[in-house]
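Asker: make a model of this:
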Amino acid sequence: MPRVLAVQNAVCEHLGTLKHMFEHDGFSIDTVIAVKEQLPDTLEGYDALVVLGGPASAYDDLAYLRREEMLIQDALRHNIPMLGICLGSQLLAKVAGARVYKGHIKEIGWYTVSITEHGLRSIFRGLDDSILVFHWHNDTYDLASSAVRLAYSNHYPNQAFILGSAIGIQFHVEVDEQMVEEWVEEYRQEVHDAGISIDALMHDIRHRAGMLEHTANILYRNFRSMISLYKNTGK
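Answerer: Predicted coordinates for the structure are as follows:
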């Protein structure tokens with residue numbers, strides 16, 4: 001049975017709709033909530049790593065983030081496929097030597113991202129070259145010289161990238177209505193300070209959850225293909 005390690009950086013920021021996709025394909029999922037649980041020292045025995053979002057910043061001096069960086073380095077070193085979402089993508093960029101910093105616009109809600117030609121040949125294969133997705137971030141990053149841009153938007157030039165066997169995605173494809181409701185409750189002050197309507201956020205996710213899950217399913221299938229490729233080639 002293939003194994004995936006899912007690293008959560010907040011209790012409310014989990015695999016979401018990706019969980020049942022992994023489970024449907026027979027993956028065994030080990031979940032570690034890094035802020036309060038011990039991470040493994042290496043990825044030995046795992047076929048993939050998923051690092052999820054959270055309220056911290058990649059440049060914060062937090063011991064659990066440094067441990068996550070070590071796991072990301074292990075994934076890159078041994079060609080173990082990794083998917084980094086939001087904070088996970090920022091940690092991947094940082095490990096690669098790129099700058100991670102506070103962006104000029106806080107994105108909470110729905111924004112369109114454009115997919116590059118390379119993106120359409122890799123993790124976004126099967127999607128249109130412009131997709132509407134859910135965002136919740138303020139930080140952003142530059143790209144390391146060895147990374148390839150996969151997606152961009154009007155606000156930020158780097159919305160997704162690939163680095164060896166690792167994919168970093170700044171936005172969220174994994175959320176559903178229940179998950180957004182959890183985030184709104186957990187980060188209510190942040191939403192209020194940003195001047196964003198909670199009612200509008202909930203209205204939009206109710207009407208767009210199906211569309212977003214379709215996007216997540218295509219992205220997941222492409223990531224699963226990466227896992228199979230690296231597993232069959234002995235990493």
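Asker: how long is stretch 139-159 from one end to the other?
Answerer: End-to-end distance for stretch 139-159: 11 Å, by C-alpha to C-alpha, to the nearest Å.
Asker: mind checking how far it is from the chain centre?
Answerer: 13 Å (C-alpha atoms, centre = their mean, to the nearest Å).
Asker: and if you look at stretch 72-84?
Answerer: Mean C-alpha position of stretch 72-84 versus that of the full chain (C-alpha atoms, centre = their mean) differs by 14 Å.
Asker: how about it: buried residues?
Answerer: 72, 74-76, 80-84 (16 or more other C-beta atoms under 10 Å). Every C-beta, even on glycine, is put in place using the N, C-alpha and C of the backbone.
Asker: quick one: those residues as TSV, columns for secondary structure and pLDDT too.
Answerer: Formatted as TSV, these follow (DSSP: H, G, I helix; E, B strand; the rest coil; pLDDT from 0 to 100):
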residue	secondary structure	pLDDT
Ile72	helix	99
Asp74	helix	98
Ala75	helix	98
Leu76	helix	98
Ile80	coil	98
Pro81	coil	98
Met82	strand	99
Leu83	strand	99
Gly84	strand	99
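Asker: these: which two are farthest apart?
Answerer: Farthest pair in the buried residues of stretch 72-84 (C-beta to C-beta) is Asp74 and Leu83. Separation: 15.0 Å.
Asker: rewinding a little: tell me the one among the buried residues of stretch 72-84 nearest to Tyr230.
Answerer: Of all the buried residues of stretch 72-84, Tyr230 sits closest to Pro81, with 5.5 Å by C-beta to C-beta.
Asker: didn't that closest one look like it was pressed against Leu49?
Answerer: Yes: assessed by C-beta atoms under 8 Å, Pro81 is found in contact with Leu49 at 7.4 Å.
Asker: any common contacting residues for the two?
Answerer: Ala75 (C-beta atoms under 8 Å, 6 or more residues apart in numbering).
Asker: in this protein, which strand is the longest?
Answerer: The residue-count maximum for a strand in the chain (DSSP state E) belongs to strand 100-115.
Asker: can you count the residues close to Gly164?
Answerer: The tally of other residues near Gly164 (other C-beta atoms under 10 Å) stands at 16.
Asker: wait, it touches Arg77, no?
Answerer: No: the pair Gly164 and Arg77 does not pass the contact test of C-beta under 8 Å, sitting 9.4 Å apart.
Asker: show me the contact partners of the longest strand of the chain.
Answerer: 57-59, 90, 93-94, 124, 127-141, 150-156, 159-160, 171, 190-191, 194, 196, 200-201, 204, 208.
Asker: show me the helices in this structure, by range?
Answerer: With DSSP state H as the criterion, the chain has helices at 17-24, 63-77, 87-95, 117-120, 177-186, 188-193, 198-232.
Asker: how about those helices in TSV, adding distance to Gly109?
Answerer: TSV is the format used below for the helices of the chain (distance: least, C-beta to C-beta, whole Å):
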stretch	distance to Gly109
helix 17-24	18
helix 63-77	26
helix 87-95	18
helix 117-120	22
helix 177-186	10
helix 188-193	10
helix 198-232	6
